[in-house]
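Trainee: sequence plus the predicted model coming up.
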Amino acid sequence: MRGTTILVVEDEKPILELICKYLAAEGFNVVTAPDGVAALAQARATQPALIVLDVMLPGMDGLEVCRRIQQESDVYILMLTARTEEIDKIVGLSVGADDYLTKPFSPRELVARIKAILRRSRAVAAGSGRDAPQDRTLRFDNLTINPDTREVYLNDTPVELTAREFDLLYALAEYPGRVFNRDQLLERVWGHDFAGIDRVVDVHIGLLRRKLEIDAADPMLIQTVRGVGYKFVARKTS
């Protein structure tokens with residue numbers, strides 16, 4: 001992970017300097033931005049592996065920055081906030097953030113969270129190496145999911161998913177009909193290091209349904225099994 005570029009977006013200088021100090025000590029290449037507009041420019045210019053993004057920024061807030069960045073790339077995002085309400089965490093995660101840390105926080109915990117996210121990223125990449133099957137594409141009646149290109153087609157039309165939405169869809173679709181509870185999906189998609197709230201699964205299921213279902217309120221592909229969890233229901237064609 002040494003040499004990996006991390007973008008830190010924080011308008012409070014003491015916090016920014018503290019984060020940079022700890023990340024640099026771990027060998028990360030750190031770039032910074034003081035506000036949302038600068039963050040978008042830095043993200044495009046430096047193509048970081050991960051962004052540490054404060055929610056409360058001058059001008060464009062962190063939630064809007066996260067939305068815009070996720071429209072352009074699959075970069076991992078860890079959000080920082082001074083607010084502790086669960087609804088704020090859910091909103092942050094629903095716009096594409098991968099993890100969430102509430103201020104005040106331990107710099108060591110922040111570094112540990114970043115390393116955990118990057119380890120998950122590296123594990124996914126390793127799974128698509130030479131020893132992987134040549135074609136791991138999942139094909140259903142009207143849906144195609146390709147884990148190597150990370151492309152999804154619904155009725156031959158491409159569907160834009162965030163990195164986390166894709167991982168969640170593939171985890172479910174790989175085993176049609178199998179019921180997964182929240183803890184199992186957290187483990188498969190977010191990893192055992194994830195220390196956030198389990199409601200993040202429900203939030204991302206909702207996001208997937210809005211993109212894939214004819215009627216998100218009456219889902220046909222991703223169904224809820226009451227009191228248990230979720231299952232993917234479709235017929236494989238090959």
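Mentor: Right, received. Where do you want to start?
Trainee: the helix or strand hosting residue 17 - what's its average pLDDT?
Mentor: If you go by DSSP states H and E, residue 17 is part of helix 13-25. When pLDDT is averaged over helix 13-25, the result is 96.
Trainee: what is it packed up against?
Mentor: Helices and strands touching helix 13-25, by 3 or more CB pairs under 8 Å, 6 or more residues apart in numbering; DSSP states H and E, are strand 5-9, strand 29-33, helix 107-126. Glycine gets a C-beta too; all of them are placed from N, C-alpha and C.
Trainee: pull out the buried positions in the second one.
Mentor: Residues of strand 29-33 classed as buried under the neighbour-count rule (16 or more other CB atoms under 10 Å) are 30-33.
Trainee: okay, those in JSON lines with pLDDT and distance to residue 103 next?
Mentor: Shown next, in JSON lines, are those (pLDDT from 0 to 100; distance: CB to CB, whole Å):
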{"residue": "30", "pLDDT": "97", "distance to residue 103": "19"}
{"residue": "31", "pLDDT": "97", "distance to residue 103": "21"}
{"residue": "32", "pLDDT": "97", "distance to residue 103": "17"}
{"residue": "33", "pLDDT": "97", "distance to residue 103": "18"}
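Trainee: now do the helices in the protein.
Mentor: Here the chain has its helices, by DSSP state H, at 13-25, 36-46, 62-72, 86-94, 107-126, 163-173, 182-185, 199-212.
Trainee: single out the most deeply packed of these.
Mentor: Comparing the helices of the chain by mean neighbour count (mean count of other CB atoms under 10 Å), helix 163-173 comes out on top with a mean of 22.
Trainee: related to what we said a few turns ago, could you dump the helices of the chain into a markdown table with distance to residue 225 added?
Mentor: Formatted as a markdown table, the helices of the chain follow (distance: least, CB to CB, whole Å):
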| stretch | distance to residue 225 |
| --- | --- |
| helix 13-25 | 41 |
| helix 36-46 | 38 |
| helix 62-72 | 29 |
| helix 86-94 | 22 |
| helix 107-126 | 26 |
| helix 163-173 | 12 |
| helix 182-185 | 12 |
| helix 199-212 | 12 |
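Trainee: where among these is the average confidence lowest?
Mentor: The stretch with the lowest mean pLDDT among the helices of the chain is helix 86-94, at a mean of 64.
Trainee: picking that back up, between the buried residues of strand 29-33, which is nearest residue 224?
Mentor: Closest approach between the buried residues of strand 29-33 and residue 224, by CB to CB: residue 33, at 39.6 Å.
Trainee: how many residues are close by residue 222?
Mentor: By other CB atoms under 10 Å, the residues close to residue 222 number 21.
Trainee: as TSV, the helices and strands packed on helix 13-25 with distance to residue 160 would be great.
Mentor: Output for the helices and strands packed on helix 13-25, formatted as TSV (distance: least, CB to CB, whole Å):
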stretch	distance to residue 160
strand 5-9	22
strand 29-33	25
helix 107-126	19
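Trainee: right, so of the ones you listed, which gets closest to residue 207?
Mentor: helix 107-126 (19.0 Å).
Trainee: quick check: residue 233 vs residue 189, distance?
Mentor: Using CB to CB, to the nearest Å, we find residue 233 at a distance of 19 Å from residue 189.
Trainee: between these two, which one's more packed in?
Mentor: More neighbours surround residue 189 than the other of residue 233 and residue 189, with 22 against 15 (other CB under 10 Å).
Trainee: just checking, that one touches residue 174?
Mentor: No - the criterion here is CB atoms under 8 Å, and residue 189 misses it with residue 174 at 11.5 Å.
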